[in-house]
Structures are given as C-alpha cells and as structure tokens.
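> below are the sequence and a predicted model; questions follow.
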Amino acid sequence: MLELRHLRTLIALRDAGSLVEAAERVHLTQSALSHQIKDLEERLGSPLFLRKTRPVEFTRAGLRLLTLAEQVLPQVRMAERDLARLAGNEQGRLHMAIECHSCFQWLMPTVDHFRDHWPEVEIDIPGGHHFDPLPALAREQLDLVITADPQPLPGVHYEPLFRYEGLLAVARQHRLAGQHFVTPEELVDETLITYPVEHGRLDVFTQFLDPAGCKPREVRTAELTIMMMQLVASGRGVCALPNWALTEYLERDYVKAVPLGEHGVWSTLFAAIREETRDAPWMEDFLRTARETSFSVLSGIKPA
C-alpha cells in the first residue's frame with residue numbers, strides 16, 4: 001500500500017508548504033502529484049492533509065505517515081550508502097572550488113554531513129586559487145566547482161542544484177526602498193557594491209544592466225557579505241545579492257530588498273563535475289545531500 005515515493009512526497013509537501021512547490025521538488029507536475037496523493041488517500045481511507053491551507057496542515061493520518069517517513073527514509077539512504085561501499089565504489093577524491101562568495105551558508109553543512117557518511121572520500125576546499133576553477137576541473141586539479149556561470153568544456157557536466165532570485169539591497173531610508181521593483185535606469189546614479197570578480201560573472205550586469213545599456217555611477221568592491229551590508233546600511237551604495245544571502249539582514253530589518261525588474265532576475269546554481277565521476281555513488285550522494293541541505297537552510301530558492 002505504501003511506497004517510498006509516497007513518503008518522499010509527504011516530506012516535500014511539509015517542507016515546501018504547498019502542492020505546487022512540492023511537485024517541483026519531486027519533479028512531477030501538480031496534476032500528477034495530486035493524483036498520486038488522492039490515490040493514496042483512497043487506499044488508506046483517510047485524507048492526509050487539509051486542502052487550501054498554507055502552510056499545509058496535515059491530518060492525524062498524514063502526521064503518522066510523516067513520522068514514518070522521518071524514520072524510514074534516512075535508513076533507506078544509509079542502506080544505499082552501505083551497498084555502494086560493499087560494491088567497492090567508495091574510494092574517491094573531492095577537491096572543490098566555489099565561485100560563489102555567499103555559498104558557504106549551505107555548503108559547509110553539506111560537507112559536514114557528507115564527511116560523516118563517506119569518511120573514505122578525501123575532501124578538501126583549497127584556497128588561494130591562481131587559476132580558473134572550471135578549466136582546473138577539466139584538468140583534474142579539482143573535482144567539483146560550485147558556479148552560476150557554466151562554460152562549455154569537454155568532459156564537464158553541470159548538475160543544477162537550485163534556482164535563486166537576485167535582489168537589490170538598499171538602506172532602509174533609500175529612495176528605492178519602498179518600490180515594488182527597480183529598473184536599470186534607476187541605478188545609473190548609484191554606487192554599486194560587488195564582490196571583487198569580473199562584471200561578466202555578475203548577474204546584475206549580465207542579466208539586468210548590460211541588456212538595458214545602463215551603468216552605475218560607480219562600482220566599488222568588498223570581500224565579505226557583511227562588509228557589503230554595512231556599506232549599504234550606512235547609505236554608501238547598493239548591492240545585488242542572492243535572496244538567501246540577504247535573509248538574515250532582512251529579518252533584522254538591517255536593510256531593505258527590492259526585486260531587479262518587474263519579473264525579477266533568476267539564476268541557477270550548478271555543481272560542475274567531470275563526466276567520469278558523474279555516476280560514482282559518493283558523487284551522487286554529495287549532490288543529493290547538497291540539494292537537500294540547501295532547501296532546508298535557505299529561503300526563497302526553487303528547484304532547478
């Protein structure tokens with residue numbers, strides 16, 4: 001009567017808070033997911049959650065199955081890892097680079113969780129790169145690169161992790177703070193604060209300013225997100241960051257955030273790996289752990 005897919009669906013429904021977002025997480029259409037849940041409810045003879053509630057409100061039967069899912073799914077995951085080890089595929093090396101200054105918020109919990117389950121895999125995040133990470137991946141100097149800027153390279157596969165929206169952070173008293181969105185033309189008189197990377201790797205330029213033929217009055221850089229937020233809060237400029245990177249500052253009312261354009265600027269974060277490691281059990285598990293961790297700790301992201 002019960003299948004693992006049913007348990008995964010209920011977990012996705014709980015975490016996502018709506019049928020639409022849960023369907024995205026389990027890679028089904030909303031119609032297909034609704035049919036799956038209805039079929040299960042008919043077999044169980046009981047509804048699993050109350051319709052038209054957000055976040056989803058589960059019935060006693062739904063809560064019982066959620067408890068079961070929380071017990072069973074981790075055990076299944078652990079058994080899959082053990083079977084991979086028994087097959088002799090546990091050895092590996094995972095040296096990675098991060099082309100995303102704000103990614104440590106979800107990447108470090110991912111690495112910690114992965115290390116606990118795959119102690120045989122050598123993990124390292126070398127610093128001070130004096131080379132481009134993606135070509136280094138192709139040359140086998142690295143094994144994984146977190147990037148939002150995929151480049152076509154022979155033998156390199158880009159695994160989508162999640163989608164995120166770029167938002168413009170402004171001071172609470174800034175003239176743009178109360179707007180529903182900002183236009184490129186409204187940034188020509190602003191100082192734009194960015195990380196110290198080429199403009200061609202920043203979405204605010206490639207997807208927002210450049211297509212409109214606009215440039216900010218001045219561009220200044222800061223190494224750390226907290227430094228950028230201090231500059232923004234004091235009225236020294238504005239900056240564009242992923243929505244998840246701004247969450248803690250918005251919750252503290254430290255700055256305000258405005259969407260870039262009427263429809264927003266959305267991008268996808270990828271894990272770049274070599275084709276030869278794509279099917280390795282430890283690599284599959286790392287990518288799966290990365291997705292699960294990101295959705296559990298980040299706000300406002302969507303499945304890729």
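The structure has been received and is ready for your questions.

> can you map out the helices along the stretch 201-304 of the chain?
With helices called from DSSP state H, counting those that start in this stretch, the stretch 201-304 of the chain shows them at 203, 225-233, 243-251, 281-297.

> those helices: which one's closest to residue 110?
Residue 110 lies closest, by C-beta to C-beta, to one member of these: helix 281-297, at 4.4 Å. The C-beta positions use only the backbone N, C-alpha and C, and glycine is treated the same way.

> against which helices or strands is the closest one packed?
helix 60-86, strand 92-98, helix 104-117, strand 156-170, strand 265-274 (3 or more C-beta pairs under 8 Å, 6 or more residues apart in numbering; DSSP states H and E).

> hmm, try it at 7 Å
helix 104-117, strand 156-170, strand 265-274 (3 or more C-beta pairs under 7 Å, 6 or more residues apart in numbering; DSSP states H and E).

> chain center to that helix, what's the gap?
10 Å (C-alpha atoms, centre = their mean, to the nearest Å).

> need the contact partners of it.
With C-beta atoms under 7 Å, 6 or more residues apart in numbering as the test, helix 281-297 has contacts from 15, 81, 84, 89-90, 92, 94, 105-106, 109-110, 113-114, 118, 121, 159, 161-162, 271, 273, 277, 301.

> check stretch 24-31 too.
The contact list for stretch 24-31 (C-beta under 7 Å, 6+ apart) reads 8-9, 12, 16, 19-20, 23, 33, 302-303.

> if we can go back for a sec, out of the helices and strands packed on helix 281-297, which one sits most buried?
With neighbours taken as mean count of other C-beta atoms under 10 Å, these reach their highest mean count in strand 156-170, at a mean of 21.

> elements contacting that strand?
helix 133-138, helix 225-233, strand 238-242, helix 243-251, strand 256-259, strand 265-274, helix 281-297.

> apply 6 Å and report the result again.
strand 238-242, helix 243-251, strand 256-259, strand 265-274, helix 281-297 (3 or more C-beta pairs under 6 Å, 6 or more residues apart in numbering; DSSP states H and E).
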